[in-house]
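Engineer: One predicted model, sequence on top.
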Amino acid sequence: MRLLRFASLLLLTLGPVVAHAAMVHRTVTWTREGTTFKSVLVYDDAIAAKRPGLVMVPNWYGVNAMAVKKAEMIAGKRYVILVTDLYGEGVRPTSNAEAEVATKPLYTHRALLRERMNEALAQLKAQAKDAPIDLKHLAAIGFCFGGAAVLDLARSGADVAAVVSFHGDLTTDNPALAKQIKARVLAMNGADDTWTMKDADAFMNEMRGSPADWQFVVLGHAVHCFTETDQHSPGCMYDAAAAARSYRLMHDWLDHAFAGTD
């Protein structure tokens with residue numbers, strides 16, 4: 001009798017643990033013009049409900065353990081996230097110098113950046129056959145270089161509900177492309193970010209000429225890299241308060257974009 005009672009208690013104790021599944025990390029590869037890209041799909045499979053899908057472009061270091069960890073934190077039970085490789089599987093920068101080399105072709109040829117972003121969006125959609133992605137609710141988020149990438153996705157006229165840029169590059173090769181934007185655009189930059197804020201006026205003028213519902217948020221006292229937990233250099237520094245505030249703004253922006261409300 002004691003053994004049966006113990007077994008029953010053990011099952012009751014383990015039940016919730018068994019039901020709580022870990023975050024899924026699924027490699028997603030595709031080849032375009034001879035280059036193979038290797039991205040990571042991240043989501044919590046503890047629940048079966050479909051949820052919005054996000055293309056996430058990391059900072060200029062690209063797909064690495066830090067980027068996947070950030071995707072886990074953002075995804076929670078709310079989103080399915082494709083941590084997107086825009087360089088090709090053989091390019092994984094580990095220094096600023098290597099990252100500058102990796103991003104240069106995409107900054108120089110912005111049409112190529114837009115092409116690769118649209119391919120990433122198509123690959124996210126393709127995962128809906130095996131992952132709980134709600135194809136009616138798609139968006140993109142990006143950090144630093146990734147911010148430039150998601151803004152260019154919007155400029156390409158991609159059919160996504162929203163894009164969110166964190167301390168991202170605000171420049172464009174063609175301001176007229178903004179007239180094609182269908183997404184709601186949220187850009188958040190630090191007030192003391194000397195790398196990106198010099199382009200703020202031009203970005204706002206570009207957005208004024210677009211049909212987009214857009215918002216440009218300047219976070220006081222923050223510098224570049226304010227969401228990057230491993231960055232602690234002058235001018236590129238993690239700011240816990242600014243990061244938390246920006247994530248709250250992101251969730252609110254996405255919620256309203258997916259709901260079609262103001």
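Structural biologist: Ah, there it is.

Engineer: name the element the residue sitting nearest the centre point of the chain belongs to?
Structural biologist: In the chain, the C-alpha nearest the mean C-alpha coordinate belongs to Met56, at 2.5 Å (C-alpha atoms, centre = their mean). Met56 is part of strand 51-57, with elements assigned from DSSP states H and E.

Engineer: Pull up the pairing partners for that strand, direction included.
Structural biologist: Sheet pairing for strand 51-57, assigned by DSSP bridges, gives strand 80-83 (parallel), strand 133-143 (parallel).

Engineer: outside of the helix or strand following the shortest one, which residues touch it?
Structural biologist: This points to strand 80-83. Using DSSP H and E, the helix or strand that follows strand 80-83 in sequence is helix 96-108. For helix 96-108, contacts defined as C-beta atoms under 8 Å, 6 or more residues apart in numbering pick out 59-62, 86-87, 91, 93, 112-113, 116, 145, 148-149, 169. For glycine as for every other residue, the C-beta is placed from the backbone atoms N, C-alpha and C.

Engineer: of all those, which comes closest to Lys77?
Structural biologist: When those are ranked by distance to Lys77 (C-beta to C-beta), Asn59 comes first, at 24.9 Å.

Engineer: list the buried ones in stretch 60-72?
Structural biologist: Within stretch 60-72, the residues scored as buried using 16 or more other C-beta atoms under 10 Å are Trp60, Tyr61, Gly62, Val63, Ala67, Val68, Lys70, Ala71, Glu72.

Engineer: still on that earlier bit, highest average neighbour count across the strands paired with strand 51-57?
Structural biologist: For the strands paired with strand 51-57, average neighbour numbers computed from mean count of other C-beta atoms under 10 Å are highest in strand 80-83, which has a mean of 26.

Engineer: Centre of the chain to it, how far?
Structural biologist: How far strand 80-83 lies from its chain's middle: 8 Å, per C-alpha atoms, centre = their mean, to the nearest Å.

Engineer: what is the mean pLDDT for it?
Structural biologist: In this model, strand 80-83 carries a mean pLDDT of 98.

Engineer: cool, and stretch 59-74?
Structural biologist: 98.

Engineer: Send me it as CSV with only the CA atoms.
Structural biologist: Output of stretch 59-74 as CSV, limited to C-alpha atoms (Å, rounded to 0.1, in the frame of the first residue of the first chain):
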residue,chain,number,x,y,z
ASN,A,59,23.7,42.0,-34.5
TRP,A,60,26.6,41.9,-36.9
TYR,A,61,28.0,38.8,-35.3
GLY,A,62,25.2,36.9,-36.8
VAL,A,63,23.8,33.5,-35.7
ASN,A,64,25.6,32.4,-32.5
ALA,A,65,24.8,31.1,-29.0
MET,A,66,24.1,34.6,-27.7
ALA,A,67,21.6,35.3,-30.6
VAL,A,68,19.8,32.0,-29.9
LYS,A,69,19.6,32.8,-26.2
LYS,A,70,18.1,36.2,-27.0
ALA,A,71,15.6,34.5,-29.3
GLU,A,72,14.6,32.1,-26.5
MET,A,73,14.0,35.0,-24.2
ILE,A,74,11.9,36.9,-26.7
